[in-house]
Structures are given as structure tokens and as C-alpha cells.
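Trainee: whatever this is, show me its structure:
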Amino acid sequence: MPLKPEEDAQGNAIYDYWKGIEVREIIEREDGYLDATEGPSQYLSEYKDWPQHEKKAMKFARGKVLDIGSGAGRHAIYLQNKGLDVMGIDNSPMALKVAKERGLKKAKLMPITQINSKLGKFNTITMLGHNFGLFGNFKRARWLLKRFHSITTEDARIIAETLDIYQTDKPEHLWYQEHNRKRGKMSGQMKLRVRYKKFINPWFEYLMVSKPEMEEILEGTGWKVTKYLDEGPHYIAIIEKEVK
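Mentor: Below is the predicted model:
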């Protein structure tokens, strides 16, 4: 469901930053691990400041684009300005408010689980900024990928970014990965929430995967990886429909 006003922590942080206020947001993991992020600066960054693998990924977008988890609209607006027909969706009202103020023409308040054929038919789906994570878990990822198959053209592609969580030596992360495996979960399946000022997001699942794990998720869904764009442990997969 879309976030309620009191739940929209990340959206309010983005909005405040957009208005020139210094921002620090807290990411809380279910085991008590806390991370104070750099704030929303990355969500509003310009193309020239993007990492190289994101810049390269933009070349693979074509036609009508659905940007999932569009946030403040940095990818959607860039592609829109390149002449593509882009719709951004997000479950954060305040993030979409910023995106619209920045010039995004088509923005819809909608979580990933509510995506349906009423949105239209798309040539490209983008899930950048590690938004492959919005799939949440193995089962939901496969369910949504099959849904994506039905709302896209025959030559469609998904441009999705994630993080190979195995590329770490931090004890607190290694412990959590092992804790997940003992519970029958994927190593990179996280339960998180965001805090900012008085705002607290509800707990949500977020999924980080290695390349073999991504390919396992895709198997049998009608999609396959055709190319990887790497930047250290961060990588973007160019995922295309399998030829029947």
C-alpha cells in the first residue's frame, strides 16, 4: 500500500533535502543494526555525478518506460528529457511530489505489488538505485517477474540494479546472512525500515542477490540476463524476454 503521511520517512527526507535542509536518514535492520546514510543527495544527483555503470545502463532504455521506485525521479527525468515516454511509480507521496516539482510528467503513487495491465504496455522497466531489492524475496520476485512479462512488449527489457552482498567482510553482515540461511531465507533478504525525524516507515523486505542467485530467480519466468554492468559489488543486469 502507499505510505501514510506519518510513515513516509524517506519521502520527507527527500523533500527536505530538495528544499535545502541538511538531512540524515537512519536505516534500521530487524536485528538492530543501524546505518546513518549520506542522505538523499544521491536521489537528486545529476547524470554527470552518477557512477559509470548507471550512465551505461541509460543506453539500454527504449520506448515506453516504467521506472519502479522512481523516488525523486533522477532516472525517469533523465530518460524523459531524452525523449522517452516515462512513467514513474513509487509508494512515497513526498518523493513523488519532489519528482513532479522537478519536472516528471507522469508519476503514480503505487507500490510494486499493485502493478497491473491498466498502466499500459511497456518496452522497458527500470529498477535502478538497487531497486531489484523491491522484489523483497524469492517467491514474490518470481510472481512479479511473470506479471512484468504480461505488461511488456515482446522485445522488452528490465534494467535492474542490486548489490552482491557476499562481497563483504563485515562481521555484522556475515552474521545476518547466516541468520537468514538458518531461517530458510536468502542470504541477502533483509527486513528494514527508514527513520527520519518523527517519521518511521513500516518494516519492509528488501532483497540483495549475487549474479547466480539472480539467474536462479529468473529461471522459468520468461526472462534472462543478457549483460552485466559492474561497479565493484554493485551491478546492473540487462534482462530481456526469452525468445519463444
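Trainee: for the biggest strand by length in the chain, packing partners?
Mentor: Longest strand in the chain by number of residues (criterion: DSSP state E): strand 152-163. Under the contact definition 3 or more C-beta pairs under 8 Å, 6 or more residues apart in numbering; DSSP states H and E, strand 152-163 sits against helix 52-58, strand 122-127, strand 234-241. Using the backbone N, CA and C atoms, a C-beta is placed for each residue, glycine as well.
Trainee: how about the ones you listed in JSON lines, adding distance to residue 73?
Mentor: Listed next are the helices and strands packed on strand 152-163 as JSON lines, based on distance: least, C-beta to C-beta, whole Å:
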{"stretch": "helix 52-58", "distance to residue 73": "14"}
{"stretch": "strand 122-127", "distance to residue 73": "11"}
{"stretch": "strand 234-241", "distance to residue 73": "18"}
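Trainee: one step back: show me what counts as buried in the longest strand of the chain.
Mentor: Residues of strand 152-163 classed as buried by neighbour count (16 or more other C-beta atoms under 10 Å): 152, 156, 157, 158, 159, 160, 161, 162, 163.
Trainee: return the most buried member of the helices and strands packed on strand 152-163.
Mentor: strand 122-127 (a mean of 23; mean count of other C-beta atoms under 10 Å).
Trainee: that strand vs strand 152-163, what angle?
Mentor: On the basis of axes from the mean of the first three to the mean of the last three C-alpha atoms, to 10 degrees, strand 122-127 is oriented at 10 degrees to strand 152-163.
Trainee: list the contacts of strand 122-127.
Mentor: 60-69, 75-76, 79, 84, 134, 148, 151-153, 155-161 (C-beta atoms under 8 Å, 6 or more residues apart in numbering).
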